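>>> Provided below for reference: sequence and predicted model.
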Amino acid sequence: MTETQASPLEQEIALEQRHVDRVYTQLARMRESMARLEAGGYDLAGARVPGSLVDRDAMVFHAARQRQILDAEHEGLVFGRLDLRELPRPRYVGRIGIREDGSTDLDPQPADEVEPLVIDWRAPAAEPFYRATAAHPLGVVRRRMIQSSGEKVTGVEDDLLDPESAPPGMTVIGDGALLAALAKAKGTGMRDIVATIQQEQDVAIRAPGSGVTVVEGGPGTGKTAVALHRAAYLLYYDRARFAGGGVLIVGPSPVFVSYISAVLPSLGEESATLKSLGELVEGVRATREETAEVHAIKGSLRMRRVLRRATEDAVPGQPQGLRMRFRGDWLEVPARQVEQMRRQIVRGQRRNEIRAKAFGAILDTLWEQAKSRLPGWEQSRFDEELTENEEFRTFLKRWWPRLRPIEVLTWLADPKRLAWYAEGTLSRSEQARLAASIRPDDLSVDDVALLDEIDGLIGRPPVARRKAATGYRVLGVRTQGGERGLADRSDYRDYAHVIVDESQDVTPMQWRMIGRRGQVASWTIVGDPAQTAWTGDATEPARARDSALGSRQRHAFSLTTNYRNPAEIFAVAAAEIRRIAPNLPLPKAVRSTGVIPVQVTVPRNELRPTVEAAVAQLLDEVDGTVGVITPEASTRDTVAAWLPESVRLQVVTGLAAKGMEYDGVLVVEPRRLREVSGARTLYVALSRATQRLTTVELA
Ligand SMILES: Nc1ncnc2c1ncn2[C@@H]1O[C@H](COP(=O)(O)OP(=O)(O)OP(=O)(O)O)[C@@H](O)[C@H]1O
């Protein structure tokens, strides 16, 4: 086919293909030269030239980082083009920046004067691609989205923003790149949205990297997408600060974390740490959800007092005093005195950090008894001999053991102990619920924040050092004077930026846990208050959040368009939230499919065949994923057993559906879901589908 016979679309595709080909050719060249550079770095190390190691490290690091970026999956490497009024050549926007001279945006001194082959979407020069509108074209005459499959251009979609400045004959093709992107079937993971970020989202993504950025918006408005693209933006904008200090992204559940885990790598960023609320403490991975009542107790700030009292209590089986023979004489500290000393020493202190002090206090007491019988002795000799005595060591270990947070948490399962800790703080029935919910072998997500709180209260023993200038030796532990800060701990990293997704469901105790990890961080907090499942004291979450954030300056953004649900589906979800919040402003669904959601009511004995048939139909109707959302864990397991195994199918509880998205959704027993987790969680469940929604209710 000759160019004259080609349609305008085909001609434009061919035109863009030529540019995209140049980009890929350059990319291939750069890959080769990076591989050579990396190898060169290693050769330099082999040569053992003085100073060469520093050069080698810098060179290898730089080359390796470049190669990692160049090697990333570059589906749709170039996705945008701007024809600007002031620029003779078009400007191309893509996933990474590439220049004809072979430099990328990562190079410290890029050759700025040359218009790059493609600029990184995060660069300031790319901003008009996302921000320009017909009312404010920002110098953009035509904005073009380029669709590709691998290296092949498959389509273009144009917006003519400034018709008056358009040169004669400028072709303008199609509309609806966004709608086309939204209608695509979903894979099992979330995808990036670089090609179609909308203006209000872009403003939040590029908000200043300091202080606190708060992004709110209803279901499907792209809050999670914004949070993740913002992480990529911050890493680009100040890599030394954010990659060095680390970016922590906290989501509600492991299912959610796995759902979003591919987005940053697809943007060429691997360095952020993604964790669910049940995984923030090292070595723990909790997924069990508590009932709403227990969640409200364990999440409440009242737990601080309960835990403080627990951490000041005697350990079970504490020795009843000390009585031992030393050099033929009796040494004795009676039970009451032992306990009195313990209480005095422990008050307001982190008990694991002051073991040496406690041991020293006992030694001092015994020395007072013994010294008149040991003429010519120094206390140091007495201390040394006594601390080598097995009986004495056993006493100390039982009196002041090194405690682990899980042990203290376990004490709460004992109703008598708990009654003492919680007196005046929790009601009798709350105490009973709390005690019954402690299962050390099967931790719940809420337990993790309690463990972290306990960890902060009891501290950790100072690291034993062989040679310390000061301090005295007791059982091989040396005190170092001042207390160790929280930042010393391996899992209390001082992140440079903390992103909290689904923030409306972070409990007050969880805010404290996250706050400990972001003491010097800037923050991004995204959420939707209307979707919260919190049934405890309504003022506490904001209070705890504010104290985690301190006086940092806040920047607030709100998102108003629902990109996920067709209008027909969002209408069902909206009706649910309207029951309890009739005046709540809701986002506007951007598209409509004409497909009305299916609502079925059946007697209990028909539940199973109805669910099976509905799921089969959904799997048939959509190309992507199907989510089955049930009221609680027990129904989830029952329903999951009815259904076939499929990578396209996921069965979750209403709470675990937070933040998730499926092409087809079946909500099982919505009324019961509302009873168990509240209307707001049912609202979440009803707003998960991109194409089809079915509900099955019991008659
Ligand atoms: N600008 C956009 N272009 C294309 N897709 C978008 C855009 N913004 C959002 N989306 C898509 O809309 C869906 C919803 O986005 P996301 O999950 O980030 O919303 P959310 O506000 O976090 O939702 P919720 O609060 O309901 O969990 C996702 O599939 C996302 O990829």
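Here it is on my side, so go on.
>>> CA atoms for contacts and neighbours, from now on please.
OK.
>>> need the residues of the protein near the ligand, please.
178, 181-182, 191, 193, 196-198, 218-225, 563-564, 659-660 (C-alpha under 6 Å from any ligand atom).
>>> Point out the ones among those that are inside strands.
Those of the residues of the chain next to the ligand mapping onto strands are 563, 564, per DSSP state E.
>>> what ranges do the strands span in the stretch 251-400 of the chain?
For the stretch 251-400 of the chain, the strands defined by DSSP state E, counting those that start in this stretch cover 273-276, 322-326, 329-333.
>>> how far off strand 329-333 does the second one point, in degrees?
Put plainly, it is strand 322-326. 160 degrees (axes from the mean of the first three to the mean of the last three C-alpha atoms, to 10 degrees).
>>> Contacts for strand 322-326 next, please.
330, 331, 332, 333, 334, 335, 338, 386, 391, 392, 395 (C-alpha atoms under 8 Å, 6 or more residues apart in numbering).
>>> now the shortest one
Contacting residues not belonging to strand 273-276 are listed as 246, 247, 248, 249, 250, 251, 252, 253, 254, 256, 257, 261 [C-alpha under 8 Å, 6+ apart].
>>> mind giving me JSON lines with those residues and columns for neighbour count and pLDDT?
As requested, the contacts of strand 273-276 are exported to JSON lines (neighbours: other C-alpha atoms under 10 Å; pLDDT from 0 to 100):
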{"residue": "246", "neighbour count": "21", "pLDDT": "92"}
{"residue": "247", "neighbour count": "27", "pLDDT": "94"}
{"residue": "248", "neighbour count": "26", "pLDDT": "96"}
{"residue": "249", "neighbour count": "22", "pLDDT": "97"}
{"residue": "250", "neighbour count": "25", "pLDDT": "97"}
{"residue": "251", "neighbour count": "27", "pLDDT": "96"}
{"residue": "252", "neighbour count": "25", "pLDDT": "94"}
{"residue": "253", "neighbour count": "24", "pLDDT": "92"}
{"residue": "254", "neighbour count": "19", "pLDDT": "92"}
{"residue": "256", "neighbour count": "21", "pLDDT": "93"}
{"residue": "257", "neighbour count": "20", "pLDDT": "94"}
{"residue": "261", "neighbour count": "19", "pLDDT": "92"}
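>>> Show the low-confidence segments of this protein, by residue range.
Scanning the chain for pLDDT under 70 picks out 1-4, 40-74, 102-114, 175-177, 185-186, 463-493.
>>> Just want the most central residue of it.
residue 250 (1.7 Å; C-alpha atoms, centre = their mean).
>>> Could you look up the SS state of it?
strand (DSSP: H, G, I helix; E, B strand; the rest coil).
>>> Pairing partners for it in the sheet, please.
Here residue 250 sits in beta bridges with residue 275, residue 500, going by DSSP bridges.
>>> a strand runs through residue 145, doesn't it?
Yes - using three-state DSSP, the assignment for residue 145 is a strand.
>>> show me the contacts for it.
79, 80, 81, 156, 157, 158, 177, 195.
>>> Skipping its backbone neighbours, what lies nearest it in space?
Among residues not flanking residue 145 along the chain, residue 80 sits closest, at 4.6 Å (C-alpha to C-alpha, 6 or more residues apart in numbering).
>>> I figured the one you found was touching residue 143, is that so?
Yes - Residue 80 is within contact range of residue 143, at 7.4 Å (criterion: C-alpha atoms under 8 Å).
>>> which residues are common contacts for those two?
residue 129.
>>> Residue 672: neighbour count?
By other C-alpha atoms under 10 Å, the residues close to residue 672 number 16.
>>> From the opening residue of stretch 344-361 to its closing one, how far?
11 Å (C-alpha to C-alpha, to the nearest Å).
>>> could you list every residue that touches residue 386?
326, 392.
>>> quick revisit: with respect to burial, which of the strands of the stretch 251-400 of the chain scores highest?
strand 273-276 (a mean of 19; mean count of other C-alpha atoms under 10 Å).
>>> Enumerate every residue touching the nearest residue to residue 21 once chain neighbours are set aside.
Using C-alpha to C-alpha, 6+ apart and skipping residues adjacent in sequence, the residue nearest residue 21 is residue 151, 7.6 Å away. Residue 151 sits next to 20, 21, 24, 75, 76 when contact means C-alpha under 8 Å, 6+ apart.
>>> Which one (most neighbours) among these?
For the contacts of residue 151, neighbours tallied by other C-alpha under 10 Å; top is residue 20, 24 neighbours.
>>> Quick check: the gap between that residue and the ligand.
Distance, residue 20 to the ligand, by C-alpha to the nearest ligand atom, to the nearest Å: 22 Å.
>>> residue contacts, the closest residue to that residue other than its chain neighbours?
In this structure, residue 20 finds its nearest non-sequential neighbour in residue 78, 6.8 Å apart by C-alpha to C-alpha, 6+ apart. The neighbours of residue 78, taking C-alpha under 8 Å, 6+ apart as the test, are 20, 92, 93, 94, 95, 118, 146.
>>> hang on, the earlier thing: make TSV out of the strands of the stretch 251-400 of the chain and add distance to residue 612.
Listed next are the strands of the stretch 251-400 of the chain as TSV, based on distance: least, C-alpha to C-alpha, whole Å:
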stretch	distance to residue 612
strand 273-276	31
strand 322-326	68
strand 329-333	71
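>>> What is the burial count for whichever residue of the stretch 251-400 of the chain sits closest to the ligand?
In the stretch 251-400 of the chain, the residue that lies nearest the ligand is residue 260 (9.0 Å; C-alpha to the nearest ligand atom). Counted by other C-alpha under 10 Å, the residues lying close to residue 260 total 22.
>>> All set now, cheers.
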